[in-house]
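Next comes the sequence, and after it the predicted model I'd like to discuss.
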Amino acid sequence: MLDFIYYPVSGILWVWHKIFGAIPFLGPDSGFTWALSVVFLVFTLRAILYKPFVKQVRTTRQMQELQPQIKALQKKYAGDRQRQAVEMQKLQKEHGFNPIMGCLPVLAQAPVFIGLFHVLRSFNRTGTGFGQLGMSVEDNANTPNYFFSVEDVQSFLSARLFGAPISAAITTPADQLEAFAIYGPVPTMLNIAAVAIPLMVIASVATHFNSRASVARQSPEAAANPQSAIMNKLALWIFPLGVLVGGPFLPIAILLYWVSNNIWTYAQQHIVFRKIDAEEEEKKQAALARRADNAPKPGARPNLSKKKKPAADESSTEPEVVDGVVEDNSSDQSTGTVSGDGSPTGTSKPKPGARPQTNRGKSPKRKRR
């Protein structure tokens, strides 16, 4: 039913096995070759899903930023659900926010990792799909697994990591462990536990710190939500404990997948969060720089160039000297010159409506008694 997922996942694992198997000091049947193949299969899938993860982080952060406005709308339209939904859509449209985009990356990752888990488990299943678990090693060794031939399946079943078969779990029955004698010494539960328990502890600790990093990024409003508080406790303590409880039932190959997936997640979260923080800080600094450019500089004189210049005082009566000749700019005449003795040397045109001045330049005569 999900072969369109299983085959690509199996193909990626097959490619990495061929790459590492070609290294002389490893070889195709080495446990380290298969361990590295599983690890790099996880890294490849997580690299493909890197952009959806970044989109999910951005959407989550944007939702946290809009949380105060969302609560205000919920409070304002508490009695009108329809109006509340309309206002919510308006708010999301204004900020370019799509809550579905926060869920799609998670939904896209789920089938991929289900396919990865299935392919690894299929090395211990009947045929390549939905057979019975717990078959003998001999039966599994003669059954191909998607991209892997019978020889590849036998190589996987014979691979050992520090003496423990990577296809075995701590709880594998003793009679099934005896079947591994065709590939070497019969492994014991202690051999498997010596490899599986450290992987379980690493996976549990990595799960805890991944959850802690996610919780630390939550806004105070989101952390104060009772539902969020419950989910945070589950992510911080219950999920890591579940890895320890369920680890003994998982083959070493699955534990390798779990460890590598958590290590990638831990590194990816720090890189993505640091990148987004740097982008937001850059935008903040750019906004501050634009504001500073628009503000007047300290100590700068105000720009008066746009102020209107005062008109010349046309009523000024002060004479102007031009080439030794005094020009009278009084309001009662437009042109005229006087000589040094005060006699007029030119004529002046009276202004419209003004009385002619006949005694200009002459001293008044005294009346005789």
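Sure thing, it's come through.

now the stretch 251-369 of the chain, which segments are flagged as low pLDDT?
Along the stretch 251-369 of the chain, segments meeting pLDDT under 70 span 297, 299-369.

swap the cut-off to 80 and go again
Applying pLDDT under 80 to the stretch 251-369 of the chain flags the ranges 295-369.

Same check on the stretch 101-250 of the chain?
Under the criterion pLDDT under 80, the flagged ranges of the stretch 101-250 of the chain are 101-110, 112-113, 124-143, 217-228.

Would you state the helices of it in chain order?
Remark: helices of the stretch 101-250 of the chain, listed N- to C-terminal, are 137-141, 150-158, 174-178, 189-216, 220-224, 226-233, 239-246; assignment by DSSP state H, counting those that start in this stretch.

Ok, which of these comes nearest V259?
Nearest to V259, of all these, is helix 189-216, at 4.8 Å by C-beta to C-beta. For glycine as for every other residue, the C-beta is placed from the backbone atoms N, C-alpha and C.

ok, which stretches of this structure are strands?
Under the criterion DSSP state E, the chain contains strands at 160-161, 164-165, 320-322, 325-327, 337-338.

Describe which strands the second one pairs with in its sheet and in which direction.
Same thing as strand 164-165. The partner list of strand 164-165 in its sheet, established with DSSP bridges, is strand 160-161 (antiparallel).

and A216, what is it in contact with?
Taking C-beta atoms under 8 Å, 6 or more residues apart in numbering as the criterion, A216 is in contact with no other residue.

Tell me how far F180 lies from S149.
In this view, F180 and S149 are 20 Å apart by C-beta to C-beta, to the nearest Å.

Specify which residue of these two has the higher count of neighbours.
For F180 versus S149, neighbours defined as other C-beta atoms under 10 Å are more numerous around F180 (20 against 11).

residues contacting the more buried one?
With contacts defined as C-beta under 8 Å, 6+ apart, the neighbours of F180 are 137, 157, 165, 168, 186-187.

From those, pick the one nearest W258.
For W258, the nearest member of the contacts of F180 is A168. The distance, counting by C-beta to C-beta, is 15.9 Å.

Which residue, neighbours along the chain excluded, lies closest to the closest one?
If you skip the residues right next to it in sequence, A168 has I192 as its closest partner in space, 5.4 Å away by C-beta to C-beta, 6 or more residues apart in numbering.

and that neighbour, what is it in contact with?
164-165, 168-170, 172, 252.

Taking those residues, tell me the two that lie furthest apart.
For those, the maximum inter-member distance is 11.7 Å, found between P165 and I170 (C-beta to C-beta).

between the two, which one's more packed in?
Taking P165 and I170 together and counting by other C-beta under 10 Å, P165 has the greater number of neighbours (26 against 22).

my read: that one touches A159, true?
Yes: between P165 and A159 a contact is recorded at 7.0 Å, counting by C-beta atoms under 8 Å.

could the contacts of I192 be laid out in JSON lines, adding distance to F117?
Conversion of the contacts of I192 to JSON lines gives the following (distance: C-beta to C-beta, whole Å):
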{"residue": "A164", "distance to F117": "20"}
{"residue": "P165", "distance to F117": "18"}
{"residue": "A168", "distance to F117": "17"}
{"residue": "A169", "distance to F117": "14"}
{"residue": "I170", "distance to F117": "18"}
{"residue": "T172", "distance to F117": "18"}
{"residue": "I252", "distance to F117": "14"}
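
Return the member of those residues nearest to A85.
Among the contacts of I192, A169 lies closest to A85 (C-beta to C-beta), at 49.6 Å.

Would you mind checking which of the contacts of F180 is nearest to R58?
Within the set of the contacts of F180, A168 lies nearest R58; the separation is 42.1 Å, counting by C-beta to C-beta.

gap between the closest one and W264?
In this view, A168 and W264 are 25 Å apart by C-beta to C-beta.

Those two - which one has more neighbours?
Legend: neighbour count by other C-beta under 10 Å for A168 and W264, higher for A168 (24 against 19).

is it true that the more buried one touches M189?
No: using C-beta under 8 Å, A168 is not in contact with M189; the gap is 9.3 Å.

Common neighbours of these two, please.
Both A168 and M189 are in contact with L177, where contact means C-beta under 8 Å, 6+ apart.

Near the nearest residue to L236 once chain neighbours are set aside, how many other residues are there?
Leaving aside its sequence neighbours, L236 sits nearest to S211 (C-beta to C-beta, 6+ apart; 4.9 Å). Taking other C-beta under 10 Å as the neighbour definition, S211 ends up with a count of 21.

cool, L73 as well?
When counting by other C-beta under 10 Å, one arrives at 19 neighbours for L73.

Who are the contact partners of the residue nearest to it when sequence neighbours are not counted?
Setting aside the residues directly before and after it, L73 is nearest to E87 in space (C-beta to C-beta, 6+ apart), at 5.0 Å. When the contact criterion is C-beta under 8 Å, 6+ apart, the partners of E87 are 73, 76-77.

How about I170?
Residues near I170 by C-beta under 8 Å, 6+ apart: 189, 192-193, 196-197, 247-249.

Equivalent analysis for Q74, please.
With contacts taken as C-beta under 8 Å, 6+ apart, Q74 has the following neighbours: Q84.

average pLDDT across stretch 76-83?
Stretch 76-83 shows an average pLDDT of 84 in the prediction.

what comes up buried for it?
Burial within stretch 76-83, assessed by neighbour count using 16 or more other C-beta atoms under 10 Å, is assigned to Y77.

For it, give me every contacting residue.
Stretch 76-83 is contacted by residues 84, 87 when judged by C-beta under 8 Å, 6+ apart.

Many thanks, have a good one.
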